Structures are given as C-alpha cells and as structure tokens.
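1. Mind looking at a prediction? Sequence and model below.
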Amino acid sequence: MRYTLRYTHFMRINQFIARASGLSRRSADGAVDKGRVTVNGKPARKGMKVEYTDAIRLDDRLLQITKFHYVMLYKPVGYLCSRSSQGGTPTIYDLLPPELQRLNSVGRLDKDTSGLLLLSDDGDFAQRMTHPKYNKKKIYLAHLDKNLTKLDIKKLTKGVILDDGRSLLKVLSFDGLVCRLELREGRNRQIRRTFEAIGYTVTQLHRFKLADYELDLPKPGQWKYIEQKN
C-alpha cells in the first residue's frame, strides 16, 4: 500500500531505500557504494535526491515505499528477543500473530527483563531508536538486593568502568530497594553489569519508556499497533 509523502516528493536515496526495503540508512548507503542500486536505469549516487515516482532498484528488485508497521509489546520475563528458541526457551514471536512475526525487534531486552519493546519493519525507524548518536532516553525500574546508598548513586552518575567502557546511569528516584533509572545507551545487560560492579544484584528489571513511547498495556504478553513518533 503506497502513501503520499507529507512534506515533499523529494528525499535522499538512502532514505528512500530505508523506507522501501527495511534497511538502515547506513546499509542503504553501503548498497549504493557497491553499485547495487539504480535510479531510472542508471547507477545511483550516494546523497542524490529522488522522487517516489522514480524507478529505483536494489539488486534488480523494484523498490516501492510501503506502509510500515509499528507494534508495542509488553515483554514478559522469560522470553528471548530472538527468532530462534534456545533450549526450549520461548521467544517474543510466540506472543505475536503470524502476520507480525516478520517484524524485527527495535533493540533488545534480555530474557530476565520485562517491559516495553517495540517492533517494526522500518529499518530507518529502528536505527533512530537504537543508534547511540540519536541519544534516545530509556527509563527503567530496577529492584535491588539491598538498599541503594547516596554514595553509590554518585558513583552511578559519575560512571562505572566496565570491560566495554564507562557506564552512566542517572538515578531519577529511589526508595530503598527500588530505583528509577535513565539510560542513554543500550549495551548488553548494561544495567545489571553496572550494579554488579558496585556490589549490587538487580533482582527485577522493567523498562517502561523508550524515547516518546511509554508502556500503557496492562498485562505481560499483550501487544498493540502504534503510530510512529519522531
């Protein structure tokens, strides 16, 4: 299903490819550099502007801008953000109807973390939501095995050194064992590893906000269609 572009008929070639194929803009630029893309039968140039009426082909496949799908899922604990099960562990795709199982997760939550997860077939959207340069805010509730001290809050704010670099967590509020955190990155198990580095164990972790999206589904396992936000 085609739709009319809102502001102009012109866009950069990498933006068109991203919208039409699900690739990220960076991957689209790479395809152009490798000569895989043509515009009206001629080799595409990186940075060129095109119209949605142009005949744009990727590996000789005609690209068309389609309506993308955006889904919010309340991920339960115990589910993998993966297309394949590991040792019988269920995946998030077990929670979705067949027509949505082609969508890609926008970032990941580990098996033991619950909360807001976005899925889409829009690679450009996924890039904007997850790449560090866009600095998207993520808000979590973390339950700890012991009370968080003010001294350790300062350590989290200044940054804790992990094996993959400095980790910064902003503590928005805390009440003994429970703290509300802001994270601007998204490294593997970053919150859990950061607390472990200063002597705490995260017993529960729940994400309820990513950028402008806030979890408003009442029960784990539920999902709904959402509108794209900038």
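-> Here it is on my side, so go on.
2. just the helices in this structure please.
-> 13-21, 25-33, 123-130, 150-158, 190-197 (DSSP state H).
3. Would you mind telling me which of those helices is nearest R184?
-> helix 190-197 (10.5 Å; C-beta to C-beta). The C-beta positions use only the backbone N, C-alpha and C, and glycine is treated the same way.
4. Can you check what angle separates that closest one from helix 150-158?
-> 130 degrees (axes from the mean of the first three to the mean of the last three C-alpha atoms, to 10 degrees).
5. Pull the residues that contact helix 190-197.
-> Helix 190-197 has contacts (C-beta atoms under 8 Å, 6 or more residues apart in numbering) with 110, 140, 142, 144, 156, 160-162, 167, 169, 181, 183, 201-202, 205.
6. Quick check: which of the helices of the chain has the most neighbours on average?
-> Most buried of the helices of the chain by mean neighbour count (mean count of other C-beta atoms under 10 Å) is helix 13-21; its value is a mean of 23.
7. tell me the average confidence for that one?
-> Averaging pLDDT along helix 13-21 yields 87.
8. what does stretch 169-188 give?
-> Averaged over stretch 169-188, pLDDT sits at 93.
9. Return the set of buried residues in that stretch.
-> 169, 171, 174, 179, 181, 183, 186 (16 or more other C-beta atoms under 10 Å).
10. Which two of those have the greatest separation?
-> F174 and G186, at 21.9 Å, using C-beta to C-beta across the buried residues of stretch 169-188.
11. Quick check on R102: phi, psi?
-> phi -90, psi -10 (degrees, to the nearest 10).
12. Could I get the pLDDT score of it?
-> For R102, pLDDT reads 89.
13. Thought D121 was touching it, still the case?
-> Yes: with contact defined as C-beta atoms under 8 Å, R102 reaches D121; the gap is 6.6 Å.
14. who has more neighbours, the two?
-> Legend: neighbour count by other C-beta atoms under 10 Å for R102 and D121, higher for D121 (18 against 13).
15. can you pull the contacts of the more buried one?
-> 22, 68-69, 102-104.
16. Show me those that map onto strands.
-> N104 (DSSP state E).
17. Out of the contacts of D121, grab the one that's most surrounded.
-> Going by other C-beta under 10 Å, L103 tops the contacts of D121 with 22 neighbours.
18. so that residue sits right up against L118, yeah?
-> No: at 9.3 Å, L103 does not count as touching L118 under the criterion of C-beta under 8 Å.
19. Give me the common contacts of the two.
-> In contact with both L103 and L118: V71, using C-beta under 8 Å, 6+ apart.
20. Give the buried residues for the worst-scoring helix or strand of the chain on mean pLDDT.
-> Least confident element among the helices and strands of the chain, by mean pLDDT, DSSP states H and E: strand 10-12 (a mean of 84). Using 16+ other C-beta under 10 Å as the test for burial, strand 10-12 gives 11-12.
21. got it, and stretch 100-110?
-> So stretch 100-110, judged by 16+ other C-beta under 10 Å, has buried residues 100, 103, 105-110.
22. Check stretch 67-76 too.
-> 68-76.
23. ok, and what's touching that stretch?
-> So stretch 67-76 is contacted by 1-3, 19, 81, 92, 95-96, 100, 103, 109, 113-122, 125, 213, 215, 217-228 (C-beta under 8 Å, 6+ apart).
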